[in-house]
Each structure stands twice: as C-alpha cells, then as structure tokens.
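Q: Below are the sequence and a predicted model; questions follow.
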Amino acid sequence: MKIKTITCHEVYNHGASLQEHALLKYLENLGHDAETIRYKPSYFDSDKFSLWEVSSPKFESNIIFKVFYILAKLPSRLIALKRKKSFDDFSSKYINATKQSYKSNEQLSKNLPYADAYICGSDQIWNSFFENGKDPAFYLDFVPDNKLKISYAASFAIDTLEDSIKKFVSEQVNKINYISVRETSGLKILAELNITDTTQVLDPVFLLPAKYWHDTFVNEISEKYILIYDFDSNPSLKKMALTLAKTNKLKIYTVNRNINYADTNFWLKGPEYFLSLLANAQFVISNSFHAVAFSLIFEKQFLVVNRLENINTRMRDLLALLNISDLLISDPNDPNISIQPISSYEPINKELEASIARSKLFLQKALNSN
C-alpha cells in the first residue's frame, strides 16, 4: 500500500525528526511504501536560516541600516547553518519525503500527492497554541473522502481547547476514518467534542525496538556526564544539575543553545548524535517529551521538569501511563525534592509493552480496513 504521512517536517527539532523517521520506518517494516509529505507552511519560519533575512521593518526600510543588521547577524547565522546541515543530512538519509514541497492546504488539495492511505501525526500537529493546530492540512482536510484517513498519535499537547477553535477541530477530526491521539488528555478533549471512537497510542518512536535505535544510531561516549535538555533555562533545573554533577563527579552535557553552564554544548549536532548522548548518559534531566521517551527506551535514570509553556500534558500523561509520575517535578523550587532512582525497569517495560502492542494493533487494523 502507498501511504503518505504529514507531520511537522524539517522544523529542526530532534524529537520531530526522530518521530517522523520512526513512523515511516515502522510502516516500511509492515511492507508498505511510505513517504512523508514535504509540507513547509510559512508559519514554520522556513527562512530562519537565511543569511539575508531582515525581520525588523525599521532596518528593512533603510539600506544602510539593513546592511549593518545583516552583518551583525551573519556570524550567528553561519553557525546556525551548521546545525541545519546536521538535520538536513539526517533527513536526507533517514526520512523519505516527496520531491515536491507544499506550502498550504490549498496547494495540497489542488495537486494531491497520490497514496492509498494518508496518516497525520505524530508530534504536536493539533496544538492550537501554534498555527499548525489551526491548519486544516494537519487534519487531512486536503484528502478526498474516498481515501483512507488516519491520525496516528496526534498531539494537542494541552488540556483544553479555546472555545474559538472547538468547532473547527470537531469538523476536521470527524472527517478522519480512524482517530488516535498520543495523550489521554487528547481523548478527553475529543470526548468533549462528542468524538468518542478514539484510541490513545504511543509516540512512533516506541514502535521501533531499542535495539534498532541503538544499533542504527548510537556510538559510544566514554566520558561520564548528565544530559540536560532544557528549553526554559530553568534556574532550579540548573541548580539540580550542578548539585547532581558535583555529588557524582559528572560532567554536564546539553543540546540547548541557551544553556551556558554545561561543560560541553552539542547544539550543532543532529538527531543521530542526540541519541548517542541519551544512550550514554548517566542521568537525564529534561523538559522535552522525546528526551523522556528515549530515556525510557534506553532505560536511563531521569527526571522531568515542567515547561514554562503550558504544554506539559505530553510528559505528564506518558509518565502517568507507566505509573512513574513521581519522576515529574511540578515545582522545582520545592525544598523537599528528593531524587529517587528507578530501582527496576521491569514494571515500566511491562506497561510499555502493553501500550506498544495496543498502538501497533490500532495502526495495523486501520490500514487493513482499506
């Protein structure tokens, strides 16, 4: 069967790239011809790596100011291009995408990329805090009604929808033949819209075994370190990391450009090296969903800290599903926080295996219905 998927493509985020690869790889393992749609709407800021972009109107209007602006930005942009290349190399090697690029739902409708079935997901494609959650393309609106439409592990990443978006979401999701979401909170959101024929499934990275991830991507790192993945430059997370590193005589590694206290920063590295960093870490402290997911896959010791943005349902629901909610730190400033190591992965893996089986069954049944 020919399958086209649509997700947040080439957004230069480790998790987004890895989940996109995982779904394609799993579909290929099932014997399907799977390809992601190269969907790059303007709101994904596809020009952010341009050397010549001027984002401020006051600099754009004056040629002298414009030149000085570009020259001032040039060094950091040249560095950013190195990061872009790392991700582009990963995509070229591991993500099978359509040759044609699309920028809108309208373009997709007028020039439909052929497939027998279409899958939207995973990642935060339905998060209405961002433009993608309001984009009909991520609900497969461009796909004719006579084609099979599936959502796999689509994420709202929030607990509730704003009233202004509810009608749109209801109308769009009701057009999908088989509906699955990544979080239990997503089931509740849809239930409030009277959409109940739904399934909660795991992120695509769990569809592939740990051995695949390790054998394909992981290289040994000899130094002992804590891996920090912190989007917020959280001062409490920093304090935790420094204390843990000092107590256990560990270095601090990070993949976030904003973290200035790490011994080594791997911001320029792509998804492949990110997996090596996770697999070799002695401890992981994170507010990233996919850092949590791969910490589980690689059976690491880890802690999760809530994000400042209200998009914590992804991590919260996953930990609750596995009965390890105590690893989520809601208030990093709480003086009574104690770091309790995971004593055994056996009960966690048991819960994971059941959820993985349910996730695979949903996808296989949906595809076999065609």
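A: Received it, and whenever you're ready, just let me know what you need.
Q: Y178 contacts N370, correct?
A: No - Y178 is beyond contact range of N370, at 10.2 Å (criterion: C-beta atoms under 8 Å). Quick note: C-beta positions are derived from backbone N, CA and C, even for glycine.
Q: Settle it for me: which of these two has more neighbours?
A: Y178 (20 against 12; other C-beta atoms under 10 Å).
Q: residues near the spatially closest residue to the more buried one that is not a sequence neighbour, how many?
A: Distances taken as C-beta to C-beta, 6 or more residues apart in numbering place A366 nearest to Y178, at 3.8 Å, with adjacent residues excluded. By other C-beta under 10 Å, 22 other residues sit near A366.
Q: ok, which stretches of the stretch 51-200 of the chain are helices?
A: Ranges of helices within the stretch 51-200 of the chain are 57-60, 63-94, 105-110, 163-173, 184-192, based on DSSP state H, counting those that start in this stretch.
Q: Mutual contacts of Y178 and N370, please.
A: Listed as contacting both Y178 and N370 by C-beta atoms under 8 Å, 6 or more residues apart in numbering are L148.
Q: circling back: worst average pLDDT in the helices of the stretch 51-200 of the chain?
A: Least confident of those, judged by mean pLDDT, is helix 57-60 with a mean of 57.
Q: Can you give me the buried ones in the helix or strand that contains A366?
A: For A366, the element it lies in under DSSP states H and E is helix 346-368. For helix 346-368, a neighbour-count test (16 or more other C-beta atoms under 10 Å) marks I348, L352, S355, I356, S359, K360, F362, L363, A366, L367 as buried.
Q: how close does the first one sit to I329?
A: As judged by C-beta to C-beta, to the nearest Å, I348 and I329 stand 18 Å apart.
Q: Equivalent analysis for the fourth one, please.
A: When C-beta to C-beta is applied, the distance between I356 and I329 equals 26 Å.
Q: next one: the third one
A: Computed as C-beta to C-beta, the S355 to I329 distance reads 23 Å.
Q: roughly how far is stretch 100-110 from the heart of the chain?
A: Relative to its parent chain, stretch 100-110 has a centroid offset of 23 Å by C-alpha atoms, centre = their mean, to the nearest Å.
Q: likewise stretch 244-259?
A: Its chain's C-alpha centre and that of stretch 244-259 lie 23 Å apart, by C-alpha atoms, centre = their mean.
Q: What of stretch 179-192?
A: With C-alpha atoms, centre = their mean, you get 17 Å for stretch 179-192.
Q: tell me which residues form a beta bridge with Y102?
A: Y39 (DSSP bridges).
Q: and it, how many neighbours does it have?
A: 23.
Q: what's near enough to touch it?
A: So Y102 contacts I37, R38, Y39, K40, L108, N111, P113, A137 (C-beta under 8 Å, 6+ apart).
Q: Now for the residue lying closest to the fifth one once chain neighbours are set aside: which residues touch it?
A: Spelled out, it's L108. Distances taken as C-beta to C-beta, 6+ apart place F142 nearest to L108, at 3.7 Å, with adjacent residues excluded. Contact analysis of F142 by C-beta under 8 Å, 6+ apart lists N105, L108, S109, L112, P136.
Q: The stretch 201-350 of the chain: helices as residue ranges?
A: Going by DSSP H, counting those that start in this stretch, the stretch 201-350 of the chain shows helices at 210-217, 235-248, 271-280, 289-297, 313-321, 346-368.
Q: Run the chain-centre distance for the third one.
A: Per C-alpha atoms, centre = their mean, the displacement of helix 271-280 from the mean C-alpha position of its chain is 15 Å.
Q: Also the fifth one?
A: In terms of C-alpha atoms, centre = their mean, the centre of helix 313-321 is found 14 Å from the chain centre.
Q: same thing with the last one?
A: How far helix 346-368 lies from its chain's middle: 19 Å, per C-alpha atoms, centre = their mean.
Q: ok, now the shortest one?
A: Counting by C-alpha atoms, centre = their mean, helix 210-217 is centred 18 Å from the centre of its parent chain.
Q: list the buried ones in that helix?
A: In terms of neighbour count (16+ other C-beta under 10 Å), helix 210-217 has its buried residues at A210, W213, F217.
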